[in-house]
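quick one, what's the 3D model for this:
(one chain, ligands or ions: 3)
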Amino acid sequence: MTTIATTTPRTTHADLQSWVDEVAALTQPDEVVWCDGSQEEWDRLTTQLVENGTFVRLDPAKKPNSFLCQSDPTDVARVEDRTFIASEREEDAGPTNNWVDPAELKATMTELYRGSMRGRTMYVIPFVMGHLDATVPMFGVEVTDSAYVVTNMRIMARIGTPVLQTMEELQAPFVKGLHSVGDPLVDGRPDVPWPCSDTKYIAHFPETREIWSYGSGYGGNALLGKKCYALRIASAMARDEGWMAEHMLILKLTSPQGTTHYVAGAFPSQCGKTNLAMIEPALEGWSAEMVGDDIAWMRFGPDGRLYAVNPEFGLFGVAPGTGMHTNPQAVRTIEQGNSIFTNVALTDDGDVWWEGLSEAPPSHLTDWKGNDWTPESGVPSSHPNSRFTTPAKQTPMIAPEYDNPDGVPIDAILFGGRRKTTVPLVYESRDWAHGVFVGATLSSETTAAATGAVGVVRRDPMAMLPFIGYHAGDYMQHWLDIGAHADPAKLPKIFQVNWFRRDEEDGSFLWPGYGDNARVLKWVVERLDGTADAVETPVGLVPTPGAIDTTGLGIGDEQLAKALRVDVEDWKAEVPLIEEWFARIGDRLPAPLADELATLKEHVEQA
Ligand code: GTP
Ligand code: SPV
Ligand code: MN
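Numbering: from 1, shown residues only. Ligands and ions are numbered 1, 2, ... in the order given. Now for the predicted structure:
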């Protein structure tokens, strides 16, 4: 028998209490702490993290109540090859997920968890994704032995006492998230600033709505409300219940005439969601407000339209490339403090810096690995997947609708990825089924958000490849079903965008991006309103020359034409890649998508 310090019941939620007791008995922490989400708790934990060498307190005059954290250099990104969808049947995980039999995986992981919290504190974090006053609040509880996780969760989700009280009142079901860094403190060994393990598992049990995470303290591996719950588990719930859990930003746009539109955008990791969600439009008279920057939960409203909610409470944003010239809103958000910076560089005067924050780098820094750094060092000062964790509410341009549990009605969905070639700056799909095809065949170059090679083109359906909690073919079918249940006139229109196309001659970006992306958004909105021109191409509807507002744009017509061009030879080369992708989906590929592929093939052959 193992005894642990806290065995007195702490909640009247019977299922929660017995699960916490069970986990504590298995993992054997020194202490169990129930997180209340208070300021006092934050102050206590951040102070402790500073004392342990995990956090460096930044100069309060520069970043009040903010901390720098440098992770173990091996634990810096999501680990897709160690991520598992352990559904009862292998076929339900589909061809794109790693699968292990759930009983077998639980047996393996139980042995890893046995005693894994020795010498540590086990924190119990009650949280809700979305609003506590939603019609059906979406509860979760994360049990973790990482104080870093607790502090990040307090920024990223609504946590603590009010959540627990409502859970108790409702005796509500909740998603169980078990997390251990997998580094027990035994034999008097002192702690390290960033405990983790070489053995990593990010496991999901979709039928029982459970998450078991082991060995990593980083981002999407460890902040279980985010990708694990709000996408992988929630996508399985959404399939069962007729809604959608998507890797999407949500943006409110107001035209100079005062009309408002809501746009959602699915771009793979590190492909521009946060930047578009915080856009400062380069076009006079247009304004933008952020509803969400990473995840959208969409349900049909009583009027038959799709309404999106951002289930998160904070931003876990990519640091490199974030500066006053690219994303001024993000800079203003983090300047207010109350933020955690992971794997960026420390300035000599107690502030943070990363590539792209300012044009000229400081003459000396401590880099993300703790080494002296100068502009001559020849390596980046910050990890390419370094991040800021910051409260969404601090964003100056946050939309008031962010607080509405009913969400906002979506007028348009953008799919986008990083493609050096082939994919034009923007085009519109012909109808919902074609739009689902565009999403299902979305492709992008891989980024540093996940471990593994960077820059390799892969298919990333709806930017959800690493996040679909079930069979990818069934997921595509679910999108078609959503369309079939709706009045076509009320469905969002679907577009594809590509901010990352390169000039074949010199390799530079053809499109300036960032604030200038408002020009593309304007065309999208005008298409919704029926006022903008488009030409039919083999892939879809592309703006006519002149349909994109170029007032004050820094590039010439010729370059814009290159960005918009549909090159038939490129698309002839794309078709076999799509065929290969669909072959991988196998016999659960929805027939309408096979038909769409046949149509595309016909179009490019006839062009
Ligand atoms: P995750 O948080 O990983 O899901 O990423 P994200 O989709 O929110 O991407 P984010 O907005 O953080 O952008 C990732 C990188 O792409 C950053 O370095 C940005 O500076 C860069 N980026 C974003 N938008 C644009 C753009 O319009 N053009 C170019 N060239 N780069 C961009
Ligand atoms: C992503 O990789 O898409 C992210 C960062 O938003 S993480 O939370 O690590 O998943
Ligand atoms: Mn993301």
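
use CA for all of it now, contacts and neighbours both
OK.

Ala245: what secondary structure?
strand (DSSP: H, G, I helix; E, B strand; the rest coil).

surely it is in contact with Met298?
Yes - using CA atoms under 8 Å, Ala245 makes contact with Met298 at a distance of 6.5 Å.

between those two, which one's more packed in?
A direct count of neighbours by other CA atoms under 10 Å for Ala245 and Met298 places Ala245 higher, at 27 against 23.

roughly how far does that one sit from Pro311?
10 Å (CA to CA, to the nearest Å).

where does this protein have low pLDDT?
1-8 (pLDDT under 70).

tell me the residues of it that contact ligand 2?
With the criterion set to CA under 6 Å from any ligand atom, the chain comes near ligand 2 through Ala77, Arg78, Gly219, Gly220, Lys227, Ser269, Ala449.

hmm, Arg78 and Gly220 touching each other?
Yes - contact criterion CA under 8 Å: Gly220 and Arg78 qualify, at 5.8 Å.

what is the burial count for whichever residue of the stretch 451-600 of the chain sits closest to ligand 1?
Nearest residue of the stretch 451-600 of the chain to ligand 1: Gly513, at 3.3 Å (CA to the nearest ligand atom). By other CA under 10 Å, 19 other residues sit near Gly513.

SS state for the residue nearest to it when sequence neighbours are not counted?
Nearest residue to Gly513 in three dimensions, chain neighbours excluded: Trp499, at 5.9 Å (CA to CA, 6 or more residues apart in numbering). The three-state label given to Trp499 by three-state DSSP is coil.

need the contact list for Trp499.
The contact partners of Trp499, by CA atoms under 8 Å, 6 or more residues apart in numbering, come to Gly416, Gly417, Arg418, Leu425, Trp511, Pro512, Gly513, Asn517.

one more: Lys106?
Residues near Lys106 by CA under 8 Å, 6+ apart: none.

name the element it belongs to?
helix 102-113 (DSSP states H and E).

go through that helix and flag the buried ones.
Pro102, Leu105, Lys106, Met109, Thr110, Leu112, Tyr113 (16 or more other CA atoms under 10 Å).

kindly reformat those as a markdown table containing distance to Val524.
Listed next are the buried residues of helix 102-113 as a markdown table, based on distance: CA to CA, whole Å:
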| residue | distance to Val524 |
| --- | --- |
| Pro102 | 45 |
| Leu105 | 46 |
| Lys106 | 47 |
| Met109 | 48 |
| Thr110 | 51 |
| Leu112 | 51 |
| Tyr113 | 50 |
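
re the thing from before, who has more neighbours, Gly220 and Arg78?
Taking Gly220 and Arg78 together and counting by other CA under 10 Å, Arg78 has the greater number of neighbours (23 against 20).

starting at the chain centroid, how far to the helix holding Lys106?
27 Å (CA atoms, centre = their mean, to the nearest Å).

one more: stretch 352-361?
Counting by CA atoms, centre = their mean, stretch 352-361 comes out at 24 Å from the chain centroid.

using CSV, write down the CA coordinates of it.
The C-alpha atoms that make up stretch 352-361 are tabulated as CSV, following Å, rounded to 0.1, in the frame of the first residue of the first chain:
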residue,chain,number,x,y,z
VAL,A,352,12.8,38.4,-24.5
TRP,A,353,13.9,38.4,-28.2
TRP,A,354,13.4,36.2,-31.2
GLU,A,355,14.1,36.3,-34.9
GLY,A,356,11.7,38.8,-36.5
LEU,A,357,10.8,40.7,-33.3
SER,A,358,12.9,43.6,-34.5
GLU,A,359,14.9,44.1,-37.6
ALA,A,360,18.2,44.5,-35.9
PRO,A,361,19.1,41.9,-33.3
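
buried sites along it?
Buried residues in stretch 352-361 (16+ other CA under 10 Å): Val352, Trp353, Trp354, Glu355, Gly356, Leu357.

what sits closest to the second one if chain neighbours are left out?
If you skip the residues right next to it in sequence, Trp353 has Ala345 as its closest partner in space, 5.2 Å away by CA to CA, 6+ apart.

quick one, phi psi at the one you found?
Torsion angles at Ala345 (phi, psi; degrees, to the nearest 10) stand at phi -100, psi 160.

what is the burial count for it?
What Ala345 shows, counting by other CA under 10 Å, is a neighbour count of 30.

how about the one 3 residues further on?
Neighbourhood size, Asp348 [other CA under 10 Å]: 12.

thought it was touching Leu365?
Yes - counting by CA under 8 Å, Asp348 does reach Leu365; the two are 6.2 Å apart.

circling back to that earlier point, now tabulate the buried residues of stretch 352-361 in TSV and tack on secondary structure and distance to Gly483.
Listed next are the buried residues of stretch 352-361 as TSV, based on DSSP: H, G, I helix; E, B strand; the rest coil; distance: CA to CA, whole Å:
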residue	secondary structure	distance to Gly483
Val352	strand	46
Trp353	strand	45
Trp354	coil	43
Glu355	coil	42
Gly356	coil	41
Leu357	coil	42
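
among those, which pair sits farthest apart?
Farthest pair in those (CA to CA) is Val352 and Gly356. Separation: 12.0 Å.

coming back round to it: for Leu365, see how far away the residue nearest to Gly513 is.
32 Å.

the strands in the stretch 501-607 of the chain, which residues?
Using DSSP state E, counting those that start in this stretch, the strands found in the stretch 501-607 of the chain span residues 534-536, 541-543.

in TSV: these, plus mean neighbour count.
As requested, those are exported to TSV (neighbours: other CA atoms under 10 Å):
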stretch	mean neighbour count
strand 534-536	14
strand 541-543	21
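
and Gln39, which of those strands is closest to it?
Using CA to CA, the strands of the stretch 501-607 of the chain put strand 541-543 closest to Gln39, at 50.9 Å.

around ligand 1, which positions in the stretch 151-300 of the chain sit nearby?
Residues of the stretch 151-300 of the chain lying near ligand 1 (CA under 6 Å from any ligand atom): Phe267, Pro268, Ser269, Gln270, Cys271, Gly272, Lys273, Thr274, Asn275, Asp294.

ok, now the stretch 401-550 of the chain?
Near ligand 1, when you scan the stretch 401-550 of the chain using CA under 6 Å from any ligand atom, you find Ala449, Trp499, Phe500, Gly513, Tyr514.

do you know how far the fourth one is from Gly115?
Right, the one you point to is Gly513. From Gly513 to Gly115 the distance is 50 Å (CA to CA).

the residue lying closest to Arg82 once chain neighbours are set aside - how many residues pack around it?
Nearest residue to Arg82 in three dimensions, chain neighbours excluded: Tyr201, at 5.2 Å (CA to CA, 6+ apart). Each residue near Tyr201 was counted by other CA under 10 Å, and the total is 23.

ditto for Glu241
By other CA under 10 Å, the residues close to Glu241 number 10.

quick one, phi psi at it?
The phi/psi pair for Glu241 (degrees, to the nearest 10) is phi -110, psi 0.

mind checking how far it is from ligand 2?
Note on Glu241: its distance to ligand 2, by CA to the nearest ligand atom, to the nearest Å, is 24 Å.

quick check: the gap between that residue and Pro488.
For Glu241 relative to Pro488 (CA to CA), the value is 21 Å.

ok, Ile398 next?
30 Å.

the more surrounded of the two?
Using other CA under 10 Å as the criterion, Ile398 and Pro488 rank with Ile398 on top: 21 against 14.

who's the more buried one bridged to?
Taking DSSP bridges as the rule, Ile398 bridges to Met290.

check contacts around it.
Counting by CA under 8 Å, 6+ apart, Ile398 touches Glu289, Met290, Val291, Ala392.
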